[in-house]
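# Got a predicted model here, sequence first, then my questions.
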Amino acid sequence: MPINIPILLTWMRVALIPLMVGVFYLPEGLLMPFEQGIISTAVFVIAAITDSVDGYLARVRNETTAFGAFLDPVADKLMVAGALLVLVQLDRVNALLAFIIIGREITISALREWMALIGAPTSVAVSSLGKVKTIAQMIAIPMLLYYDSLFGLIDTRFLGKWLLIVAAVLTVWSMFYYLKRAWPLIKEHGGNLP
């Protein structure tokens with residue numbers, strides 16, 4: 001397994017997931033709900049920043065690797081899935097929304113893997129629609145983890161819920177976009193590898 005700074009940052013993101021989730025499962029009274037929200041939000045934001053930094057460093061330092069290309073999206077999906085599952089249990093997110101987002105991530109990951117195996121990975125490369133979905137999701141989740149008024153001005157509960165609904169709509173839309181792009185190759189190969 002290759003080790004470089006981008007991969008170490010990705011592993012750090014994976015290691016932060018139990019901390020982000022775990023603050024909500026500490027013994028009662030150890031942390032106040034407000035403190036849990038601040039800690040989990042801070043951890044999620046730090047993890048999201050490492051996602052941008054590791055990709056940037058990999059490109060600038062010419063340290064892109066096949067293992068890094070595999071691990072990075074896995075870390076992202078684990079981070080989002082972990083946060084959504086906690087938010088569902090805390091009754092801050094509807095389980096259907098979480099299922100839509102997590103289900104799409106699994107579907108598109110599997111589609112990308114299959115497309116790479118048939119030699120057509122760019123057919124389902126990340127689109128601008130997928131990027132907008134990710135931005136909405138990465139803003140909504142920390143707001144819902146924080147779940148309080150920000151500076152007495154921003155209702156993170158309301159804004160986070162609506163942004164997550166937008167993310168879920170974009171999730172479905174982008175999934176159909178990717179499936180439509182891949183469909184000719186799926187038909188051509190009949191779902192089989194060459």
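Yep, that arrived.
# Going by C-alpha atoms from here, please, whenever you check contacts or count neighbours.
Will do.
# what about the helices in the chain?
For the chain, the helices defined by DSSP state H cover 5-22, 33-60, 66-89, 95-117, 128-146, 156-189.
# any chance of those helices in CSV, plus mean neighbour count?
Compiled in CSV, the helices of the chain are given as follows (neighbours: other C-alpha atoms under 10 Å):
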stretch, mean neighbour count
helix 5-22, 19
helix 33-60, 18
helix 66-89, 17
helix 95-117, 17
helix 128-146, 20
helix 156-189, 18
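# possible to save those as a markdown table with mean pLDDT?
Output for the helices of the chain, formatted as a markdown table (pLDDT from 0 to 100):
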| stretch | mean pLDDT |
| --- | --- |
| helix 5-22 | 91 |
| helix 33-60 | 90 |
| helix 66-89 | 90 |
| helix 95-117 | 86 |
| helix 128-146 | 90 |
| helix 156-189 | 87 |
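# Ser149 touches Leu159, doesn't it?
No - using C-alpha atoms under 8 Å, Ser149 makes no contact with Leu159, being 10.4 Å away.
# How is this protein divided into domains?
What automatic domain parsing lists as the domains of the chain is 1-91, 94-194.
# nearest residue to Asp72 other than its sequence neighbours?
Residue nearest to Asp72 in three dimensions, not counting chain neighbours: Thr10, with 6.0 Å by C-alpha to C-alpha, 6 or more residues apart in numbering.
# which residues touch that neighbour?
Thr10 sits next to 50-51, 54, 68, 71-72, 75 when contact means C-alpha atoms under 8 Å, 6 or more residues apart in numbering.
# rerun at 10 Å
Residues in contact with Thr10 (C-alpha atoms under 10 Å, 6 or more residues apart in numbering) are 16, 47, 50-55, 68, 71-76.
# Please report how far it lies from Leu78.
Separation of Thr10 from Leu78 (C-alpha to C-alpha, to the nearest Å) stands at 12 Å.
# Name all residues that make contact with Ser52.
If you count contacts by C-alpha under 10 Å, 6+ apart, Ser52 has them with 6, 9-10.
# And for Tyr146?
Going by C-alpha under 10 Å, 6+ apart, Tyr146 touches 33-42, 156-157, 160.
# one more time with 6 Å
37-38, 41 (C-alpha atoms under 6 Å, 6 or more residues apart in numbering).
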